[in-house]
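A.B. asks: A predicted structure for the sequence below; I have some questions about it.
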Amino acid sequence: IIKDKNMFKEFHIENFENSSKVLEELLNNSRVEVEKLLEIKNKTYKNFVLPFAEIGEKINEFITPIFHLDSVKNSKITSKVYEECLPLISKYESEISQNENIYTSFKNIQSNEKSTLSNIQLKVLENEIRDFELSGCQLENNKKQRLEEIDLALGELSHKFSQNILEATNSFSLIIENFEDVKEIPKSDLELAKFEEDGKTKYKFTLQMPSYIAYMTYGTSREKREELYKAYTTRAPQNGEIIEKILALKDEKVKILGFKNYASYSLATKMANSEDDVINFLEELGNKAKEKAIKELEEIKQIAKEDGIDDFRASDISFYSEKLKKAQLLVVDDLNTRQQEVHAGRADVFMTDYPFAKKMLKQTSWAKLISPNSTYHMTEYSWAMAYDDDKFYNRIEEFISDIKQDGRLQNLAIKNELEQIIRLK
């Protein structure tokens with residue numbers, strides 16, 4: 001339940017290019033506010049922990065949309081603003097997370113109020129103290145300085161990695177002119193890909209997820225799928241060097257913090273107790289899923305063989321997985337889902353009773369009835385009534401007998417085109 005109507009705040013981009021200046025002012029004000037909190041003599045959860053959290057929340061409310069905007073709507077401006085803001089926020093976070101006075105204040109509050117705080121409040125304190133320790137607040141100044149440098153470098157490398165992926169994704173497009181190569185793609189996806197050039201209708205597919213998935217799943221040209229797949233899986237090869245730098249810096253960071261490797265550092269904030277726990281869980285999961293996965297892969301390959309494909313490739317998986325899915329029985333919980341799946345092209349046919357089939361023919365323009373050569377199944381129609389209500393039961397039986405004999409049942413059946421399924425005797 002959201003009690004604060006102002007919880008979701010508007011993000012204004014009118015002054016977006018000057019975001020770093022606004023952020024710098026916000027961080028300086030936050031530094032002053034934190035110092036004021038540290039001057040409190042008798043610190044409590046209410047007068048220290050909560051206001052401290054609110055200071056951090058205000059910063060997050062400002063910086064998160066900037067980083068998000070650069071991720072989802074990247075441009076030279078968003079990238080420039082990101083790069084200007086990153087060192088500011090990185091330096092501030094290092095200052096705060098390595099501040100021994102704040103750390104000591106949390107520890108004292110935890111000790112003094114342990115018996116009066118709720119479990120949630122104690123968990124908040126526990127997590128805050130843990131995060132301060134994982135940031136190196138108890139280390140010597142030279143090690144703190146090196147951690148600050150590493151965190152900034154990791155932030156810059158991470159952003160560069162994302163930028164390389166984004167640029168590679170945006171620079172590729174696959175143009176298709178032959179409708180046969182796109183004929184099985186759903187209409188909504190096809191409309192997004194369609195454009196006119198030199199009097200011809202063409203189709204453009206990119207490495208952006210909606211476009212990529214549409215062609216890999218429904219595109220009928222195996223060569224085009226292979227081309228798209230290779231373009232996607234080989235994006236930004238220069239990131240290999242960045243990955244090596246990130247790994248080296250992370251290893252250096254955790255060694256400074258006293259961990260033997262990054263995995264053990266990562267587990268400090270997770271439920272698993274050890275690296276062996278994680279490995280054992282993954283192996284157990286893999287062993288349980290492997291047999292089923294092999295069976296499904298063989299089924300997919302068999303469908304591909306029906307198209308004459310013996311050299312099954314990774315780029316074929318999505319396309320033939322979809323074919324396998326359509327070839328299998330789909331069980332749905334909601335009756336209305338049946339016709340929705342067929343109408344959307346995700347299923348070819350659904351089974352229903354005769355009255356509903358006739359209703360579908362009347363109410364839709366796309367439905368077609370496929371009738372079996374002989375009766376497939378007899379459906380007994382009935383009604384619900386209170387137990388041992390003989391008077392009501394006898395009246396119903398009398399009514400049904402009457403309408404059978406006087407022709408009303410047959411007339412209603414003819415009117416609704418259901419005469420094939422009524423029994424008059």
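C.D. replies: Yep, it's here. Values in this document were obtained by computation on a predicted structure and should not be read as measured data.
A.B. asks: use CA for all of it now, contacts and neighbours both
C.D. replies: Noted.
A.B. asks: contact partners of the helix or strand harbouring residue 127?
C.D. replies: Following DSSP states H and E, one finds residue 127 within helix 119-134. Helix 119-134 has contacts (Cα atoms under 8 Å, 6 or more residues apart in numbering) with 97-98, 103, 106-107, 110, 114, 257.
A.B. asks: thought residue 202 was touching residue 176?
C.D. replies: Yes - assessed by Cα atoms under 8 Å, residue 202 is found in contact with residue 176 at 5.8 Å.
A.B. asks: tell me the buried residues in the helix or strand of the chain with the lowest mean pLDDT?
C.D. replies: Across the helices and strands of the chain, mean confidence by mean pLDDT, DSSP states H and E is lowest for helix 335-343: a mean of 75. Residues of helix 335-343 classed as buried: 338-339, 341 (neighbour count, 16 or more other Cα atoms under 10 Å).
A.B. asks: just after that helix, pick out the following helix or strand.
C.D. replies: Criterion used, DSSP H and E; the element after helix 335-343 is helix 354-363.
A.B. asks: and the next element down the chain from that next one?
C.D. replies: Sequence-wise, the next helix or strand downstream of helix 354-363 (DSSP H and E) is helix 390-405.
A.B. asks: mind checking how far that next one is from the chain centre?
C.D. replies: In terms of Cα atoms, centre = their mean, to the nearest Å, the centre of helix 390-405 is found 57 Å from the chain centre.
A.B. asks: average pLDDT for it?
C.D. replies: The average pLDDT within helix 390-405 is 85.
A.B. asks: neighbouring contacts of that helix?
C.D. replies: In contact with helix 390-405 (Cα under 8 Å, 6+ apart) are residues 385, 409-410, 424-425.
A.B. asks: which among these count as buried?
C.D. replies: Counted by 16+ other Cα under 10 Å, the contacts of helix 390-405 give 409-410 as buried.
A.B. asks: can you name the two of the contacts of helix 390-405 that sit furthest apart?
C.D. replies: The largest separation in these, counting by Cα to Cα, is between 385 and 410 at 24.8 Å.
A.B. asks: circling back: most neighbours among the contacts of helix 119-134, which one is it?
C.D. replies: When neighbours are counted by other Cα atoms under 10 Å, residue 98 leads the contacts of helix 119-134 with 25 neighbours.
A.B. asks: helix, strand or coil for the residue nearest to that one when sequence neighbours are not counted?
C.D. replies: Closest residue in space to residue 98, ignoring its immediate chain neighbours: residue 137 at 3.8 Å, by Cα to Cα, 6 or more residues apart in numbering. Following DSSP: H, G, I helix; E, B strand; the rest coil, the label given to residue 137 is coil.
A.B. asks: isn't residue 137 right up against residue 101?
C.D. replies: No - counting by Cα under 8 Å, residue 101 is not a contact partner of residue 137; they are 9.4 Å apart.
A.B. asks: rewinding a little: want to throw the buried residues of helix 335-343 into CSV with distance to residue 26?
C.D. replies: Below are those laid out as CSV (distance: Cα to Cα, whole Å):
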residue, distance to residue 26
338, 55
339, 55
341, 52
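A.B. asks: from the residues you listed, pick the one nearest residue 222.
C.D. replies: Checking these one by one against residue 222 (Cα to Cα), the nearest turns out to be residue 341, at 25.9 Å.
A.B. asks: which other residues reach stretch 62-80?
C.D. replies: With contacts defined as Cα under 8 Å, 6+ apart, stretch 62-80 is touched by 11, 17, 23, 81-82, 166.
A.B. asks: can you select the buried ones from the residues you listed in PyMOL?
C.D. replies: If you want just the buried ones from the contacts of stretch 62-80 in PyMOL, going by 16+ other Cα under 10 Å, the selection is:
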select buried, resi 23+81+82+166
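A.B. asks: of the contacts of stretch 62-80, which belong to helices?
C.D. replies: 23, 81-82, 166 (DSSP state H).
A.B. asks: okay, those residues in a markdown table with pLDDT and distance to residue 43 next?
C.D. replies: As requested, those are exported to a markdown table (pLDDT from 0 to 100; distance: Cα to Cα, whole Å):
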| residue | pLDDT | distance to residue 43 |
| --- | --- | --- |
| 23 | 94 | 28 |
| 81 | 92 | 38 |
| 82 | 91 | 36 |
| 166 | 89 | 47 |
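A.B. asks: picking up where we left off before, look at residue 137 and residue 101 and report which has more neighbours.
C.D. replies: Taking other Cα under 10 Å, residue 137 and residue 101 do not tie; residue 137 has more neighbours (25 against 13).
A.B. asks: show me what contacts the more buried one?
C.D. replies: 97-100, 103, 144.
A.B. asks: same check, this time on residue 176
C.D. replies: 202-204.
A.B. asks: and it, how close does it get to residue 263?
C.D. replies: 45 Å (Cα to Cα, to the nearest Å).
A.B. asks: and if you look at residue 417?
C.D. replies: Using Cα to Cα, residue 417 is found at 69 Å from residue 263.
A.B. asks: next: residue 200.
C.D. replies: 55 Å.
A.B. asks: same thing with residue 380?
C.D. replies: From residue 380 to residue 263 the distance is 62 Å (Cα to Cα).
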